[in-house]
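**Q** Next come a sequence and a model predicted from it.
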Amino acid sequence: MRRTIAALVTATAVAVTMTGCGSTQDAEPRAAGAGLAPLSDAEQWRISDAQQRLIKECMSRKGFRYWEAERLSLEESRTQGYVSDDVAWARKHGYGSRIRAEQERARRANPNAAYRQSLPGERRKAYDEALDEGVHAPVISAELPGGGTVRKRVGGCVAEAERQLYGDPETWFRAEKTAGSLQPVYVPRLMADKTFSAALAAWARCMERAGHPYKDPGAARQAALRQALETGPAEAFETERKLAVADATCAGETRLRSIGTERETHYVNELRGRYGKALDTHARLQQKALTRAIGIVGPRA
């Protein structure tokens, strides 16, 4: 039962997982595969929204209601990554704390969880089987580049939606986990890179001149989080917004984002000898999913 509830939350909140403002380890690798450019945020969200629509249609065929995840606007869905140089976005949203709070409220108010809970026992069991097959679902696994193995159960309408978009769920799972888990391999090299380190130092000097003595964007965001715990919501957001604006301004002046992107691409591409096949597969399946998603749902506004 715990897994089914988790599947409900995951399936309904796919659209909240990419709006992070975390560290470099949270960023998506930027290597193109098989000559294909990485998908944009808008394109990746279109795939996620299509997956929601497919799950809904599948559950309906099996006699159950299913609510698609509440869609954020394209502006609110923007991926921030390690550093942002978008001053206008920062001036309006800070580091995105209010967006994340709204996402969390939507997650807690998930109508699918309430609907499932309202079903009688046997009907609830049938719902679980229809959604993801619960503990009876097949288990697939993938080896991570940094070591270790991850596994997931994939069945029911969740698996059917993945199959319609990507093809074989196991092939997609392995490619996705490889492409999305290269960070522990290349991030130490990136952080030691002289060009990137120089840009980061220039960013820190710029921030200090603006009255914000932080060593990197992660430290600035942590300071905003601490402020939120120590003051009221309105004051905390104003502090967050000013700090985010300074952060983005300094990132633009020092080219920290563009330099970081270029050096990240360099170090990911160095790994293509070992992981190129998985990266190519990942890019190819994403493009296939996008083509199919375009025929299922429209773009976010």
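**A** It's in. Numbers count the residues shown, from 1 in each chain.
**Q** Which helix or strand lies directly C-terminal to the helix or strand harbouring residue 261?
**A** In the assignment (DSSP states H and E), residue 261 maps to helix 256-270. Using DSSP H and E, the helix or strand that follows helix 256-270 towards the C-terminus is helix 272-294.
**Q** can you pull out the helices in this structure?
**A** Taking DSSP state H as the test, the helices found in the chain are 2-12, 41-61, 87-93, 97-108, 111-118, 121-131, 156-166, 169-179, 183-192, 194-209, 217-230, 233-254, 256-270, 272-294.
**Q** next one: stretch 166-180 to chain centre, how far?
**A** Counting by CA atoms, centre = their mean, to the nearest Å, stretch 166-180 is centred 15 Å from the centre of its parent chain.
**Q** ok, and what's touching it?
**A** If you take CB atoms under 8 Å, 6 or more residues apart in numbering as the criterion, stretch 166-180 is touched by 28-29, 31, 33, 140, 142-145, 150, 152, 154, 159, 162-163, 275, 278-279, 281-282, 285, 288-289. Every residue, glycine included, has its C-beta placed from N, CA and C.
**Q** same thing but at 7 Å, please
**A** With contacts defined as CB atoms under 7 Å, 6 or more residues apart in numbering, stretch 166-180 is touched by 28-29, 140, 142, 144-145, 150, 152, 154, 159, 162-163, 275, 278-279, 281-282, 285, 288-289.
**Q** Just the CA trace of stretch 157-167, in CSV.
**A** The C-alpha coordinates for stretch 157-167 follow below in CSV (Å, rounded to 0.1, in the frame of the first residue of the first chain):
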residue,chain,number,x,y,z
CYS,A,157,-1.1,2.0,-16.1
VAL,A,158,2.1,3.7,-15.1
ALA,A,159,4.1,1.1,-17.1
GLU,A,160,1.7,1.3,-20.0
ALA,A,161,2.1,5.1,-20.2
GLU,A,162,5.9,4.7,-20.2
ARG,A,163,5.7,2.0,-22.9
GLN,A,164,3.6,4.2,-25.1
LEU,A,165,6.0,7.1,-24.8
TYR,A,166,9.4,5.4,-24.6
GLY,A,167,9.0,1.9,-25.8
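**Q** in that stretch, what counts as buried?
**A** Of all the residues in stretch 157-167, those buried under the rule 16 or more other CB atoms under 10 Å are 157, 158, 159, 160, 161, 162, 164, 165, 166.
**Q** Identify the farthest-apart pair in those.
**A** Greatest spacing in the buried residues of stretch 157-167, by CB to CB: 157 and 166 (14.8 Å).
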